[in-house]
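> take a look and give me a structure for this.
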Amino acid sequence: MPARLAEATFQPSGDLPREFVDVDPDMIGEALNFTASFIGLAEWGDDASKAHALLAAHYLKRLGLGSNTSSAEPTFSRTVGPVSHGPNPSVFLGQDLKVTRYGQLYQMLFETRAPAFGFFSV
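Alright, predicted model coming up:
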């Protein structure tokens, strides 16, 4: 299969995990658009759509979306008066990937492709 980015379709034959099927399509589109800039087709090759879908799912989970409560992540947010503080869903480096199962899977996939990114190990 040629390298391509993920589409707003759901598994088993689509790209995104089914737990996001009831999420607002605009949010799905935002997640896919935002995370697309992190996926280079040349580097990811045939795994590009899988990596893109995992990163988008990670982004959606960090926003507290999805129906799979077994994969719900701690929110670490609080509101004091008019000010809310919570996780930054736009950070995809380092420890942030470890907080969702989709981020962990993305990290594992990245490590299998490390030579394509110029790394010998991650």
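> so in the protein, where's the weakest helix or strand by average pLDDT?
Evaluated with mean pLDDT, DSSP states H and E, the helix-and-strand set of the chain has its lowest mean pLDDT in strand 83-85, which scores a mean of 50.
> so what's the most centrally placed residue in the chain closest to, chain neighbours aside?
The central residue of the chain, meaning the one whose C-alpha is nearest the mean C-alpha position (CA atoms, centre = their mean), is residue 55 at 2.0 Å. Sequence neighbours aside, residue 35 is the residue nearest to residue 55 in space, at 4.3 Å (criterion: CB to CB, 6 or more residues apart in numbering). Quick note: C-beta positions are derived from backbone N, CA and C, even for glycine.
> distance of that neighbour from residue 115?
Between residue 35 and residue 115 the distance, using CB to CB, to the nearest Å, works out to 22 Å.
> list the buried ones in the host helix or strand of the residue nearest to residue 55?
Following DSSP states H and E, one finds residue 35 within helix 25-36. Judged by neighbour count using 16 or more other CB atoms under 10 Å, the buried positions of helix 25-36 are 28, 31, 32, 35.
> the last one contacts residue 60, correct?
Read that as residue 35. No - between residue 35 and residue 60 no contact is recorded; they are 9.6 Å apart, counting by CB atoms under 8 Å.
> rewinding a little: need the three-state assignment for the residue nearest to the centre of the chain.
Following DSSP: H, G, I helix; E, B strand; the rest coil, we place residue 55 in the helix state.
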